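> Please find the sequence and the predicted model below.
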Amino acid sequence: MTKLVWDEFSTQVLPERDHFAVFHDETTRREPALSVVTQNDTQFSGTIKRCRLGIVGVSKVTANATSYIRTPELAQDGGDAIVAVLCLQGSMLCTQGDAPVQLGQGDGVLYDSAEADGLHISPGACYWALKIARADMAKVAPHVKRFAGLKLANTGMALKLLSRYLDGLQDSEALGDEQEARIFGDHLVDLIRMAISHESEALQLAERRGVRAVRHAAVLREIERNLADTTLSAAAVADRLGVTPRYVHFLLAESGLTFSEHVLVRRLRTVETVLADPDKVMLKISAIARQAGFTDMSYFNRSFRNRFGDTPSGFRKRAVNGAMEPNDVAA
């Protein structure tokens, strides 16, 4: 399992006189060149959380009244990112595009680093910002001629799912592996694309497929998050996600595994990771298995041997002694 690493910044740890200046530096050193302005830099406060998921740079920002502006001069610097902004609380105004777009809670808009003007954030607003290279956005939305100031439709499921997906992300401490992180990012882009337009039957079909893919990923994430729960069931996962148990089974069946089979594989992979860690060699195998959600040790030992071709103790010995090549470990 790969730990999901958040890069976090808060002005609370700084002297008050430095709040805005450091926030400004933290914002502009990673984003396209911006002119950042605040109404009151002496009482400013702000927080930023960032992580990377494949092709998407994810940020969650809370700040006092702030404006992020690309001046005409700055817009010529070659910045080539599209940023999807999703308002979580408060309000904001996007002044890019043909006309200003006012956003409230649950609304979203696209910001284009290649165009002038910007975003004006109300006091205490909180929002997600998803940065994607223009080339990647153009691949999934070739029908869009201009991204700047394009409001995301909130009449369908796309924005609601995007918000839920991101909320689940910030509560998660781990993703299965690098590929899962990349897929997670791809799903974020799919949801943004779905929120852009409902103009054709083809796009509506793509939305249904994309929603199913996102829900499939959400089921996997709920399983991963609750592996240690010995009462974990399809009904419990369905209840958390607001779908039916039958739908959970349907989503997992597409991968060729039943719900129980998938839970077993994920639990075995969790045990595998711990057994291969030389820093955890003193932990009892039975304790590791129970922590992963196994209650029957005979069943655990039999399942482990069937998957890895060795007993848990034999697997640990080979792994810790360095006798195991990377390709020997089951994916």
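Perfect, I can see it now. Numbering: from 1, shown residues only.
> which residues in the stretch 51-200 of the chain form helices?
Chain-ordered helices for the stretch 51-200 of the chain, with DSSP state H, counting those that start in this stretch as the definition, fall at 134-140, 158-171, 178-196.
> Kindly compare burial across those and name the winner.
helix 178-196 (a mean of 21; mean count of other Cβ atoms under 10 Å). No exception for glycine: its C-beta is placed from N, CA and C like everyone else's.
> lowest-confidence stretch among the helices of the stretch 51-200 of the chain?
Between these, the lowest average pLDDT goes to helix 158-171, which shows a mean of 78.
> and the angle from that helix to helix 178-196?
Helix 158-171 runs at 150 degrees relative to helix 178-196, counting by axes from the mean of the first three to the mean of the last three Cα atoms, to 10 degrees.
> could I get helix 158-171 in PDB with only the CA atoms?
In PDB, the C-alpha atoms belonging to helix 158-171 read as follows (Å, rounded to 0.1, in the frame of the first residue of the first chain):
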ATOM      1  CA  ALA A 158     -21.000  14.700 -12.200                       C
ATOM      2  CA  LEU A 159     -20.300  17.600  -9.800                       C
ATOM      3  CA  LYS A 160     -21.900  15.900  -6.800                       C
ATOM      4  CA  LEU A 161     -19.800  12.800  -7.400                       C
ATOM      5  CA  LEU A 162     -16.700  14.900  -7.900                       C
ATOM      6  CA  SER A 163     -17.300  16.600  -4.500                       C
ATOM      7  CA  ARG A 164     -17.900  13.200  -2.800                       C
ATOM      8  CA  TYR A 165     -14.900  11.700  -4.400                       C
ATOM      9  CA  LEU A 166     -12.600  14.500  -3.200                       C
ATOM     10  CA  ASP A 167     -14.200  14.400   0.300                       C
ATOM     11  CA  GLY A 168     -13.400  10.700   0.500                       C
ATOM     12  CA  LEU A 169      -9.800  11.400  -0.700                       C
ATOM     13  CA  GLN A 170      -9.000  13.800   2.100                       C
ATOM     14  CA  ASP A 171     -10.200  11.100   4.700                       C
END
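> List of residues touching that helix?
4, 6, 49, 51, 53, 58, 60, 86, 88, 106-108, 128, 152-154, 184, 187-188, 191-192, 194-195, 207, 210-211, 214-215, 217-218, 221, 225 (Cβ atoms under 8 Å, 6 or more residues apart in numbering).
> so what does the strand or helix carrying residue 264 touch, helix or strand wise?
Assigned by DSSP states H and E, residue 264 belongs to helix 259-275. Packing partners of helix 259-275 (3 or more Cβ pairs under 8 Å, 6 or more residues apart in numbering; DSSP states H and E): helix 201-225, helix 245-253, helix 285-291, helix 297-308, helix 312-320.
> and of the ones you listed, who's closest to residue 73?
Relative to residue 73, the nearest member of the helices and strands packed on helix 259-275 by Cβ to Cβ is helix 201-225, separated by 36.9 Å.
> could you give the mean pLDDT of the closest one?
Averaged across helix 201-225, pLDDT comes to 68.
> ok so, going back, can I have the buried ones of the contacts of helix 158-171 as a PyMOL selection?
The buried residues among the contacts of helix 158-171 can be selected in PyMOL (16 or more other Cβ atoms under 10 Å) with this line:
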select buried, resi 4+49+51+53+58+60+86+88+107+108+128+152+154+184+187+188+191+192+194+195+207+210+211+214+215+217+218+221+225
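> what sits against the closest residue to residue 75 other than its chain neighbours?
Leaving aside its chain neighbours, residue 75 sits nearest to residue 116 (4.6 Å; criterion: Cβ to Cβ, 6 or more residues apart in numbering). Contact analysis of residue 116 by Cβ under 8 Å, 6+ apart lists 70-72, 74-75, 96.
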